[in-house]
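Chemist: how would this look folded up:
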Amino acid sequence: MNQHPQHNRRQFLGQSAALACSAPLVMSASGPLLAAGDKNNNRKLRVVFIFTPNGTVKEGFWPKTEGHKFEITPVLEPLEKYRDKMLVLHGVCNHLRGDGDNHMRGMGCFLTGIELFPGNVQGGSHSPAGWAKGISIDQEIKNYLQSKPETRTTFGSLEFGICVRNDANPWTRWSYAGPNQPIAPISNPYQMHKKMYGEIKDQKYIQQAIDLLQTEFDKAKQSIQNQDRQLVENHQAHIAKMRESFLQKRKSLAVAPPKLPTGVPVDRTQMPKLTRMQIDLMVNGFQNDLNRVATLQFTESVGQPIMKWLGIKEGHHQLSHDPDLNKKSQEKLVKINQWYAEQIAYLVKKLDETKQVGSDRSLLDDTLIVWGNELGHGNSHTLNNIPLVLIGGGESFGIEMGQFRKFHRVPHNRLWLTIAHSFGHKIKTFGNPRLCKGGPLNLK
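Modeler: Numbering: from 1, shown residues only. Take a look at the predicted model:
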């Protein structure tokens, strides 16, 4: 049976109005395409926290000469080109104790600077443990930046993973939104791309839907009565504004999203390719000012990748337990840590070669990279002398680069205070207040 023409027109208007109202929500879901620039010309400070597991190799990592004339050791060799932008720290320690084994505390307490809750995850100690009791420094800085309009970005922070296990426990999480609130990193670069930019096909669909609405409204005006014409014209005006806003948002990206290689399996055999894909996404996100804070987590505590592309058949964690006198194992551990340094060098190079939008400064000039580990040394499981390397534009952060600094068993909480202060976030304590005595670590 044919419907009455007046009923058809009313139905069309109602459906069109509903679609017009819902379209902004669809647009939002398709990808957070916000303007890349701030309203002022202040420097856009950024920080990247990078985790690699299982401690380091003492003889292969630590320089012998303190100061500006420090040696580039085998592990740090891939970063030699950037020695003037690098600060190696010795004597910074994780003094947190309590529940969990050192792998757990090394992971969960590293960025949080506070103990783990009691829990039911049993590790290699007498006491099981749960999640960390507080927020991590990356999220603390993110929240501070997001609290101000001039430093607010689409995401605030992005958490990248490289082959992190899917199971959630204190060994696999180091970033925390708050007590008992671990943040899962995204290890799938295709998933990260979708989070950052949305599906391009969705954007095309939205554009087509908006154009179709305008066409249908034009047709409808020819066959409706005067009392409905104003309603149609009001809807048309709304759609026109929506279309202009959508096009403006699409144009506001400083650079186009990177094109990722297709069909790369997201598993540990593809770790080198996945790493480059994630780093390319990270740098692109900084270019478009989607976030000022990022984390990059390689596997997890007790990480056991088998790096066959290096000619190594044993797992990383297995090798880290071998004695220091085992020369072959030490050589393999140096190669593994060198490989991690090579990936960081790739990130540094891309940041250094990429200009900030509307500026002659590189992204590296205003970015601080913090590379750390959950342990000081693998086979002893010590939380002392955590291998820490800072790389980037020290001038922007009030940090003197190009040197090797030694401290005497200082809590790593004080380093996080230094970094927070460099962003203008003048907190007096972070994590466990007892470990903040002495205030920010002097890195000038």
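Chemist: excluding chain neighbours, give the residue nearest to residue 80 in space.
Modeler: Counting by Cβ to Cβ, 6 or more residues apart in numbering, residue 80 lies nearest to residue 72, which is 4.6 Å off, once chain neighbours are set aside. From N, CA and C alone the C-beta is placed, and that goes for glycine too.
Chemist: residues contacting the one you found?
Modeler: The contact partners of residue 72, by Cβ atoms under 8 Å, 6 or more residues apart in numbering, come to 63, 79-80, 83.
Chemist: same deal with residue 140?
Modeler: So residue 140 contacts 416, 420, 425, 427, 430 (Cβ under 8 Å, 6+ apart).
Chemist: center of this structure, which residue is that?
Modeler: residue 294 (2.5 Å; Cα atoms, centre = their mean).
Chemist: where in the stretch 151-300 of the chain is pLDDT low?
Modeler: For the stretch 151-300 of the chain, residues meeting the criterion pLDDT under 70 lie at 199-207, 225, 227-228, 241-252.
Chemist: which residues of the protein fall in strands?
Modeler: Listed in chain order, the strands of the chain (DSSP state E) span 46-51, 86-93, 156-162, 176-178, 181-182, 291-298, 367-372, 388-392, 403-411.
Chemist: got the domain ranges for this structure?
Modeler: 5-30+201-251, 46-188+266-436 (automatic domain parsing).
Chemist: just say which of those domains is most tucked in.
Modeler: The highest mean neighbour count among the domains of the chain, using mean count of other Cβ atoms under 10 Å, belongs to domain 46-188+266-436: a mean of 20.
Chemist: now for the contacts of residue 140, which pair is the farthest apart?
Modeler: Based on Cβ to Cβ, the longest span within the contacts of residue 140 runs between 416 and 425 and measures 10.4 Å.
Chemist: show me the shaky parts of the stretch 1-150 of the chain.
Modeler: 1-41.
Chemist: surely residue 156 touches residue 290?
Modeler: No: in this structure residue 156 lies outside contact range of residue 290 using Cβ atoms under 8 Å: 9.1 Å.
Chemist: quick one, what contacts residue 175?
Modeler: 49, 111, 136, 138-139, 159, 182-183, 185, 295, 297.
Chemist: out of these, what pair is the most spread apart?
Modeler: Put simply, by Cβ to Cβ the two of the contacts of residue 175 set farthest apart are 49 and 182, 14.7 Å from each other.
Chemist: wait, doesn't residue 405 sit right on residue 444?
Modeler: No: here residue 405 lies out of contact with residue 444, judged by Cβ under 8 Å, at a distance of 10.5 Å.
Chemist: ok, back up a step: can I get the domains of the chain in a markdown table with distance to residue 195?
Modeler: Converted to a markdown table, these look like this (distance: least, Cβ to Cβ, whole Å):
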| stretch | distance to residue 195 |
| --- | --- |
| domain 5-30+201-251 | 11 |
| domain 46-188+266-436 | 7 |
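Chemist: circling back: wait, the residue nearest to the centre of the chain touches residue 157, no?
Modeler: Yes: at 6.4 Å, residue 294 and residue 157 qualify as touching, with contact defined as Cβ under 8 Å.
Chemist: return every residue with contacts to both of those two.
Modeler: Contacts common to residue 294 and residue 157, judged by Cβ under 8 Å, 6+ apart, are residue 138.
Chemist: measure the closest residue to residue 61 other than its chain neighbours to residue 171 for me?
Modeler: Excluding the flanking residues, the one nearest residue 61 by Cβ to Cβ, 6+ apart is residue 75, at 4.4 Å. Using Cβ to Cβ, to the nearest Å, residue 75 is found at 23 Å from residue 171.
Chemist: now residue 390: how far from residue 375?
Modeler: Distance of residue 390 to residue 375, computed by Cβ to Cβ: 19 Å.
Chemist: how distant is stretch 344-355 from the center of its chain?
Modeler: The chain centroid and the centroid of stretch 344-355 are separated by 15 Å, computed with Cα atoms, centre = their mean, to the nearest Å.
Chemist: distance of the residue nearest to residue 80 relative to residue 429?
Modeler: According to Cβ to Cβ, residue 72 stands 36 Å off from residue 429.
Chemist: next: residue 135.
Modeler: For residue 135 relative to residue 429 (Cβ to Cβ), the value is 12 Å.
Chemist: residue 299 too?
Modeler: To residue 429, residue 299 is 31 Å away according to Cβ to Cβ.
Chemist: same deal with residue 210?
Modeler: From residue 210 to residue 429 the distance is 51 Å (Cβ to Cβ).
Chemist: repeat that for residue 310.
Modeler: Distance from residue 310 to residue 429, counting by Cβ to Cβ: 42 Å.
Chemist: one more: residue 141?
Modeler: Distance, residue 141 to residue 429, by Cβ to Cβ: 15 Å.
Chemist: now swap in residue 330 and tell me
Modeler: 39 Å.
Chemist: repeat for residue 218
Modeler: Taking Cβ to Cβ, one finds residue 218 at 63 Å from residue 429.
Chemist: same deal with residue 51?
Modeler: Using Cβ to Cβ, residue 51 is found at 23 Å from residue 429.
Chemist: is it true that residue 443 touches residue 400?
Modeler: Yes: with contact defined as Cβ under 8 Å, residue 443 reaches residue 400; the gap is 6.4 Å.
Chemist: which neighbours do those two share?
Modeler: Residues touching both residue 443 and residue 400 by Cβ under 8 Å, 6+ apart: residue 87.
Chemist: which stretches of the protein form helices?
Modeler: For the chain, the helices defined by DSSP state H cover 5-30, 58-61, 102-108, 137-146, 189-197, 200-221, 226-251, 271-287, 316-320, 327-353, 394-397, 412-422.
Chemist: adding distance to residue 90, write those out as CSV.
Modeler: As requested, the helices of the chain are exported to CSV (distance: least, Cβ to Cβ, whole Å):
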stretch, distance to residue 90
helix 5-30, 48
helix 58-61, 10
helix 102-108, 17
helix 137-146, 20
helix 189-197, 34
helix 200-221, 47
helix 226-251, 48
helix 271-287, 27
helix 316-320, 19
helix 327-353, 16
helix 394-397, 18
helix 412-422, 12
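Chemist: if we compare those helices, which one ends up closest to residue 125?
Modeler: helix 102-108 (7.7 Å).
Chemist: residues in contact with the closest one?
Modeler: With Cβ under 8 Å, 6+ apart as the criterion, helix 102-108 contacts 94, 96-98, 100, 115-116, 121, 123-125, 129, 131-132, 170-174, 176, 300-302, 373-375, 381-383.
Chemist: CA atoms of that helix as PDB?
Modeler: Extracted in PDB, the C-alpha atoms of helix 102-108 (Å, rounded to 0.1, in the frame of the first residue of the first chain):
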ATOM      1  CA  ASN A 102      62.100  -7.400  42.000                       C
ATOM      2  CA  HIS A 103      60.900  -8.000  38.500                       C
ATOM      3  CA  MET A 104      57.400  -6.900  39.600                       C
ATOM      4  CA  ARG A 105      58.600  -4.000  41.600                       C
ATOM      5  CA  GLY A 106      61.100  -3.000  38.900                       C
ATOM      6  CA  MET A 107      58.200  -2.800  36.500                       C
ATOM      7  CA  GLY A 108      55.300  -1.600  38.500                       C
END
